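Peer 1: Build me a model from this:
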Amino acid sequence: MPGMSNNPGQGGYFLHRWQSYWWFLPFPLAIITYLLLCIIPKIRGWILPAENYLSLHILLEGSSIFMAMAGAGIVWYADPRKLDYHALSFASALFLGGLIDTFHTLSYAGMPPFLTPSSALKATTFWMAARLFTSLGLLLSSFVYRCRPRCHWPRQILPAMVLGLAGAILVVVTYFPGMLPPMYIPGQGLTPLKINLEYLVVFILLLASLPYWRRALQGYPEEQAIINGQFMAMLSSLVFTRYQSVYDATNLLGHIYKIFAYAYFYRATFILSIQQPYRQLELTRAQLAAAYDNLEQLVKERTRQLQEAATTDFLTGVYNRRQIETFFKDAFSEARRQDKPLSILLLDLDDFKIINDTLGHQEGDRCLKRVAKTARDLAGNEAAVGRFGGDEFLIVLPGRDAGAARNWADNLRRQVQGGEIPLTISIGIATYNHGWPASTEEMLRLADRALYGAKARGKNSIMLGKRETPIWCSYSKPPLNRRN
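Peer 2: Numbers count the residues shown, from 1 in each chain. As a prediction, the model looks like this:
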């Protein structure tokens, strides 16, 4: 974007840090609002008309109940096959809170009778039951999140337990209110028990938030949403320790905090059940694409290795016999088609058997590698070198006549000499020119006879094969009548 740096050391760095920690923003804003309420008595003492507050209360509580039920429904219906006990236990806690909050809303002072006459005491008892049991449910959910139990319960167990517990609370609060201590006394306000229970809820929610902090600080949005919701719920309980009338501004602010808490909880369930599977799907798709690319590279590499194994001599690294013969045939066809010269060299290591017998086969292998490397370096991209068998090599020189081939062979012969192990080679040359020899087989026979002549004439020699008889070109000691 224009005007925005992508350099991590400049504006882009601060943008990245802001995006990483923006989720902390509700914390100071909510705390500032709470402190203003505590510091300014005029705001804390503002009383709303009872006839107006009732409809407002229904709207506020209805919003919280809707988000609680929607969050529970998303988890329940997102993927029935998935047994994510953390998500199910979290959704069950929201479901329980939504049910008891419904009883609280229907029992609020000014509402029509709900099984028994509505009153502030009845509504406050339902409220406290909702806060206490929802926070315990969230604590249980955080324990499941941390421990990840491996048991396989039927997913219907948790909703059934929630319905049973909510039904029991409804019966006790509605028909046996004398069994419970009062939470609110008209004309006096909140009882110490109710205030202490709200503090207990804050403590439970604080414990429930601890397992999520590590991943929240690492940037996981579902854990961030859960912590934000628990923080708002804690502030809501703190506010509800201070109100004097069910119609005052403190009570209103507590309900607003509660709406934000359930909004964050709904966001957490949406991420857990909807966004997270899609993110996992995208991650899996990216992993599959990477695996496909890696597999393609592996196939290419393996194909190259197989092709190399099929065309290369494993010891010397030059062409094997099949490949050098194929190259030779193709070069011969091209030379005949374009009527250009083509030369081949058939070379053999002198006294190679003696080297193997006296120095060992490892030294013999080093000699073969030495000759192959020297020939390959000298050939470059203009010629081909192949191991023809044993200690024999075939070199194909496209476009070179007999004189050029002889010079090339002499250069190779001189470069091979020397080293820790004295080594010499003998070379037989055959050249195609103006339609002769007529075939690759005849050309190979001609080079082989020339190589035999070079050996017989004294080794460390080069001999050019001709139609009549080979012509010997000596570069070393007097002739000896043996090939090796």
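
Peer 1: what about the stretch 351-484 of the chain, any weak spots by pLDDT?
Peer 2: By pLDDT under 70, the low-scoring segments of the stretch 351-484 of the chain are 468-484.

Peer 1: the helices in it, which residues?
Peer 2: Counting by DSSP state H, counting those that start in this stretch, the stretch 351-484 of the chain has helices at residues 352-359, 361-379, 402-416, 440-456.

Peer 1: and the last one with helix 402-416, angle?
Peer 2: Here the directions of helix 440-456 and helix 402-416 differ by 50 degrees (axes from the mean of the first three to the mean of the last three C-alpha atoms, to 10 degrees).

Peer 1: who does helix 440-456 touch, helix- and strand-wise?
Peer 2: Packing contacts for helix 440-456, counted by 3 or more C-beta pairs under 8 Å, 6 or more residues apart in numbering; DSSP states H and E, involve helix 321-338, strand 342-349, strand 425-432, strand 462-464. (C-beta placed from N, C-alpha, C; glycine too.)

Peer 1: ok so Lys340 is a strand residue?
Peer 2: No - looking at Lys340 with DSSP: H, G, I helix; E, B strand; the rest coil, it is coil, so not inside a strand.

Peer 1: any idea how far it lies from Ser333?
Peer 2: Distance of Lys340 to Ser333, given as C-beta to C-beta, to the nearest Å: 11 Å.

Peer 1: between those two, who's got more neighbours?
Peer 2: More crowded of Lys340 and Ser333, by other C-beta atoms under 10 Å: Lys340, with 16 against 12.

Peer 1: Strands along this protein, start to end?
Peer 2: 184-185, 189-190, 342-349, 384-389, 392-398, 425-432, 462-464, 471-473 (DSSP state E).

Peer 1: Adjacent strands (with direction) for the fifth one?
Peer 2: I take that to be strand 392-398. For strand 392-398, the paired strands and their directions (DSSP bridges) are strand 342-349 (antiparallel), strand 384-389 (antiparallel).

Peer 1: could you give the angle of the shortest one to helix 321-338?
Peer 2: Strand 384-389 and helix 321-338 meet at an angle of 130 degrees, taking the same axes, to 10 degrees as the criterion.

Peer 1: So for strand 384-389, what gets flagged as buried?
Peer 2: 384-388 (16 or more other C-beta atoms under 10 Å).

Peer 1: Kindly present these as CSV, with separate columns for distance to Ile169.
Peer 2: Output for the buried residues of strand 384-389, formatted as CSV (distance: C-beta to C-beta, whole Å):
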residue, distance to Ile169
Ala384, 90
Val385, 91
Gly386, 90
Arg387, 90
Phe388, 95
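
Peer 1: mind listing the helices for the stretch 101-250 of the chain?
Peer 2: In the stretch 101-250 of the chain, the helices defined using DSSP H, counting those that start in this stretch lie at 120-147, 157-175, 192-209, 213-217, 221-239, 249-270.

Peer 1: Please name the nearest non-neighbouring residue to Leu136.
Peer 2: Spatial nearest neighbour of Leu136, excluding adjacent residues (C-beta to C-beta, 6 or more residues apart in numbering): Ile204 at 6.3 Å.

Peer 1: try Leu180
Peer 2: Counting by C-beta to C-beta, 6+ apart, the residue nearest Leu180 is Thr125, at 6.1 Å.

Peer 1: Could I get the contacting residues of that neighbour?
Peer 2: Neighbouring residues of Thr125 by C-beta atoms under 8 Å, 6 or more residues apart in numbering: 173, 177, 180, 183.

Peer 1: now Arg467
Peer 2: Per C-beta under 8 Å, 6+ apart, neighbours of Arg467: Trp436.

Peer 1: ranking the helices of the stretch 351-484 of the chain by burial, who's on top?
Peer 2: Among the helices of the stretch 351-484 of the chain, helix 440-456 has the highest mean neighbour count (mean count of other C-beta atoms under 10 Å), at a mean of 21.

Peer 1: Restricting to C-alpha, output it in PDB.
Peer 2: What follows is helix 440-456, C-alpha atoms only, in PDB (Å, rounded to 0.1, in the frame of the first residue of the first chain):
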ATOM      1  CA  THR A 440      29.400 -48.800 -37.400                       C
ATOM      2  CA  GLU A 441      30.300 -52.400 -37.100                       C
ATOM      3  CA  GLU A 442      33.000 -52.100 -39.800                       C
ATOM      4  CA  MET A 443      34.300 -48.900 -38.200                       C
ATOM      5  CA  LEU A 444      34.600 -50.600 -34.800                       C
ATOM      6  CA  ARG A 445      36.400 -53.600 -36.300                       C
ATOM      7  CA  LEU A 446      38.800 -51.200 -38.000                       C
ATOM      8  CA  ALA A 447      39.500 -49.400 -34.700                       C
ATOM      9  CA  ASP A 448      39.900 -52.700 -32.900                       C
ATOM     10  CA  ARG A 449      42.500 -53.900 -35.400                       C
ATOM     11  CA  ALA A 450      44.300 -50.600 -35.100                       C
ATOM     12  CA  LEU A 451      44.400 -50.900 -31.300                       C
ATOM     13  CA  TYR A 452      45.700 -54.500 -31.600                       C
ATOM     14  CA  GLY A 453      48.400 -53.100 -33.900                       C
ATOM     15  CA  ALA A 454      49.300 -50.400 -31.400                       C
ATOM     16  CA  LYS A 455      49.700 -52.900 -28.700                       C
ATOM     17  CA  ALA A 456      51.800 -55.200 -30.900                       C
END
